[in-house]
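>>> pasting the structure only:
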């Protein structure tokens, strides 16, 4: 009983120590801003922006896929991660503090379960001979070195990469529970642990799909730490069965996530500048680069973007073939040394196995640091074991070198924590992140685009335009897509500065090259609308709606533009479609009200305008429309109320200026300004003369 109590107390001390160490290193991450994919997954994803905890809102959060492709129907996409984002939104909206707090909590738990998993590895038949006292030191040091490694900041501080961290947390929890169940002598406890491991694995898969290799890792664990090396009889049958079951489960997972069309995963190569073979040749270089970053994680070597270009031949670049040979040699060495060096062999094979999904055949971008969060978990286990051996040797010799080594480890941990702190500074704002990336990857297009957007947000359009123009000559992993994004943004800057002809020219040239880039046609429609070329604007929207007939934004824009051409029934049809599809209710209902005003159905017009403004402060324009409707209805009470509200909201001079902007050609689309003038003149005649 005392032993258990002491063990529990020791575990809590280790847990608290991990919390303090990791908390200090990540103490400056809580106000780091939104970046890159955060927008698609959270800031513009209505499904995660829940305001209540009803069954419907939770179900919606579970299918909160980022709708980059508007032709795609809502689908299940990493549902557990989506639900966690939704709960963050429910409790804190867009305040980043809560998101970072949850991310850091996940990182704490991942480090804790890693520590426990290593402790249980030392209880397996192959490692049980390790002397007491060594295990705790090795497990804690390995967990700390992993948790403080600055390369993990991309999975922890980058909010949306909670998906990678959460998946890894459940993954290592599943491994811990499997080890605990495997080592338990109680059948009930074993079944509970195995069931928990299965549930944790499902949660990992529901957070990110790269955890699908977990069953294969369990076979590796069995082979390295449990089964005898002379596989005969029953043990051989068990291992073969487990291997087949793991492969079947892996294949089932691939079919599930590819929706029964596994070959569809290769479709993405159509938008990449490299082929499947070229990516496969490139990834050994990338994997060795990851290893170099993990063991030499200087802040100058870490970035959101890296200038690693794809291999086009075995000797182009020349490092391609040596990298392939070295990676195969490492895997071969690990397989051959399982008996002599189980910790090192397991760490190497675990690393490469867990890179199997994202660093092989899938048409993903070449390099992202957050992909190392899970694979790197056991890399520091043999390192910690080696340090213990050196410590033990010098301690037995009563040498002063022992104290030097203790100081070195303290400095190493402090250095990792400080580098993590520095790396978090780069994540603090959009500008700092992309400025850092541009310094480290000047040959890639993405940092130029990201930094240009940051300058746009700061109001410096000239600098943004210069960066966009420089970006056109840079390397891109998706050349057509990124070039189109750059041209679209250049046109947007000219549009914002009033150079409509120039913006339309840029967008028109770009849309010829990439006909299915929806943003270009949408912007073209806005450009033509600004010039009141309604037929050309509607032609662009027709192209969009031909592909995306249910898109709420395009239906709203078409309805709004049809009002300008006097095609009121068609306008009503598209506005109703936009409303049913969930477009901004206030804007949609207001435009429906305007349609009815133009159709001289003033009762309906008033009804829709009131609905449009219910529950929110009425804008001056909305007050003018409501006043106009009440004038047409000869409703004295409504006329007096809205005229009084209008004069309280807008100064007389501003009201005059706004009404003078209404051209005679568009007079039929607006309230009767003379009638409104007459109404207001009766209240303050001298000011309106």
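Yes, it's here. Quick caveat, the model's predicted, so the values are computed rather than measured.
>>> Please list all residues in contact with residue 321.
314, 315 (Cβ atoms under 8 Å, 6 or more residues apart in numbering). Bear in mind the C-beta positions are built from the backbone N, C-alpha and C, glycine included.
>>> State the distance from it to residue 194.
Distance from residue 321 to residue 194, counting by Cβ to Cβ, to the nearest Å: 44 Å.
>>> now residue 397
From residue 397 over to residue 194 the distance is 46 Å, taken as Cβ to Cβ.
>>> which of these two has more neighbours?
More neighbours surround residue 194 than the other of residue 397 and residue 194, with 17 against 10 (other Cβ atoms under 10 Å).
>>> Determine the three-state secondary structure at the more buried one.
helix (DSSP: H, G, I helix; E, B strand; the rest coil).
>>> Make 20 the first number, not 1, from now on.
Yep, numbering from 20; the last one is residue 213 now.
>>> wait, what's in contact with the nearest residue to it once chain neighbours are set aside?
Distance criterion Cβ to Cβ, 6 or more residues apart in numbering; nearest residue to residue 213, sequence neighbours excluded, is residue 200 at 4.7 Å. Residues near residue 200 by Cβ under 8 Å, 6+ apart: 208, 209, 210, 211, 212, 213, 215, 216.
>>> Let me know whether residue 138 touches residue 154 as I believe.
Yes. Between residue 138 and residue 154 there is a contact under Cβ atoms under 8 Å: 5.8 Å.
>>> Can you tell me how far the closest residue to residue 409 other than its chain neighbours is from residue 694?
With Cβ to Cβ, 6+ apart as the criterion, residue 409 has its nearest non-adjacent residue at 6.3 Å, and that residue is residue 424. Going from residue 424 to residue 694 by Cβ to Cβ gives 90 Å.
>>> what's the answer for residue 229, then?
With distances taken as Cβ to Cβ, residue 229 is found 66 Å from residue 694.
>>> Tell me which of these two has more neighbours.
residue 229 (25 against 13).
>>> how near is that one to residue 581?
Relative to residue 581, and taking Cβ to Cβ, residue 229 is found at 47 Å.
>>> And residue 166, by the same measure?
Counting by Cβ to Cβ - residue 166 and residue 581 are separated by 58 Å.
>>> higher neighbour count, these two?
Comparing residue 166 with residue 581 by other Cβ under 10 Å, the one with more neighbours is residue 166, at 26 against 23.
>>> which element is the more buried one on?
helix 153-167 (DSSP states H and E).
>>> Report the next helix or strand after that helix in sequence order.
helix 172-175.
>>> Rounded mean pLDDT for the following helix or strand past that next one, please.
Remark: after helix 172-175, the chain's next helix or strand is helix 181-202, criterion DSSP H and E. In this model, helix 181-202 carries a mean pLDDT of 96.
>>> ok, now stretch 66-84?
The model assigns stretch 66-84 a mean pLDDT of 87.
>>> Please give the three-state secondary structure assignment for residue 504.
Relying on three-state DSSP, one would call residue 504 helix.
>>> Quick check: it vs residue 456, distance?
Residue 504 sits at a distance of 16 Å from residue 456 (criterion: Cβ to Cβ).
>>> count of residues packed around residue 354?
Neighbours of residue 354 under the rule other Cβ under 10 Å: 12.
>>> just checking, it touches residue 364?
Yes. Under the criterion of Cβ under 8 Å, residue 354 makes contact with residue 364 at 7.1 Å.
>>> Now do the contacts for residue 550.
519, 523.
>>> State the phi and psi torsions of residue 383.
Main-chain dihedrals, residue 383, degrees, to the nearest 10: phi -90, psi 170.
>>> Once you drop chain neighbours, what's closest to residue 579?
residue 610 is the one closest to residue 579 (Cβ to Cβ, 6+ apart), at 5.6 Å.
>>> If I look at the one you found, what pLDDT would I see?
Residue 610 carries a pLDDT value of 90.
>>> List the first helix or strand encountered after the host helix or strand of it toward the C-terminus.
Per DSSP H and E: residue 610 is located in helix 604-617. Moving toward the C-terminus from helix 604-617, the next helix or strand (DSSP H and E) is helix 621-632.
>>> Would you mind pulling up the elements that that next one packs against?
Applying 3 or more Cβ pairs under 8 Å, 6 or more residues apart in numbering; DSSP states H and E, one finds that helix 621-632 contacts helix 604-617, helix 639-651.
>>> Next one: residue 615 relative to residue 591, how far apart?
The gap separating residue 615 from residue 591 is 8 Å, by Cβ to Cβ.
>>> what does residue 219 give?
According to Cβ to Cβ, residue 219 and residue 591 sit 53 Å apart.
>>> Between those two, which is the more surrounded one?
residue 219 (23 against 18).
>>> For the more buried one, which non-adjacent residue is closest in space?
Residue 219 sits nearest to residue 193 (Cβ to Cβ, 6+ apart), 3.7 Å away.
>>> hang on, isn't that neighbour packed against residue 232?
No. Look at residue 193 against residue 232 with Cβ under 8 Å: they stay out of range, at 12.0 Å.
>>> of the two, who's got more company?
The neighbour comparison of residue 193 against residue 232 (other Cβ under 10 Å) goes to residue 193, with 27 against 23.
>>> Might you report the residue contacts of that one?
Contacts of residue 193 by Cβ under 8 Å, 6+ apart are 215, 216, 217, 219, 220, 223, 233.
>>> Take these and write them to TSV, including pLDDT and distance to residue 394.
Converted to TSV, the contacts of residue 193 look like this (pLDDT from 0 to 100; distance: Cβ to Cβ, whole Å):
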residue	pLDDT	distance to residue 394
215	96	23
216	95	20
217	94	22
219	97	18
220	95	17
223	96	14
233	93	12
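>>> Please identify which of these is nearest to residue 630.
Relative to residue 630, the closest of the contacts of residue 193 is residue 223; by Cβ to Cβ it sits at 45.9 Å.
>>> Could you measure from that closest one over to residue 134?
With Cβ to Cβ as the criterion, residue 223 and residue 134 are 18 Å apart.
>>> Next: residue 79.
For residue 79 relative to residue 134 (Cβ to Cβ), the value is 37 Å.
>>> Repeat that for residue 71.
According to Cβ to Cβ, residue 71 stands 38 Å off from residue 134.
>>> Have a look at those two and say which one is more surrounded.
residue 134 (25 against 8).
>>> returning to what we had before: list the residues that are in contact with both of residue 354 and residue 364.
With Cβ under 8 Å, 6+ apart, residue 354 and residue 364 have no common neighbours.
>>> Serialize the contacts of residue 193 to a markdown table and add fields for distance to residue 288.
Formatted as a markdown table, these follow (distance: Cβ to Cβ, whole Å):
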| residue | distance to residue 288 |
| --- | --- |
| 215 | 39 |
| 216 | 36 |
| 217 | 34 |
| 219 | 34 |
| 220 | 30 |
| 223 | 27 |
| 233 | 27 |
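>>> filter those residues to the buried ones?
215, 216, 219, 220, 223, 233 (16 or more other Cβ atoms under 10 Å).
>>> Rebuild these as JSON lines, extending it with distance to residue 127 and secondary structure.
Output for these, formatted as JSON lines (distance: Cβ to Cβ, whole Å; DSSP: H, G, I helix; E, B strand; the rest coil):
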{"residue": "215", "distance to residue 127": "20", "secondary structure": "helix"}
{"residue": "216", "distance to residue 127": "21", "secondary structure": "helix"}
{"residue": "219", "distance to residue 127": "17", "secondary structure": "helix"}
{"residue": "220", "distance to residue 127": "21", "secondary structure": "helix"}
{"residue": "223", "distance to residue 127": "17", "secondary structure": "helix"}
{"residue": "233", "distance to residue 127": "21", "secondary structure": "helix"}
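>>> now, the most widely separated pair of these?
215 and 233 (13.7 Å).
>>> ok now the host helix or strand of residue 544, how far from the chain's centre?
Under the criterion of DSSP H and E, residue 544 resides in helix 537-549. Relative to its parent chain, helix 537-549 has a centroid offset of 27 Å by Cα atoms, centre = their mean, to the nearest Å.
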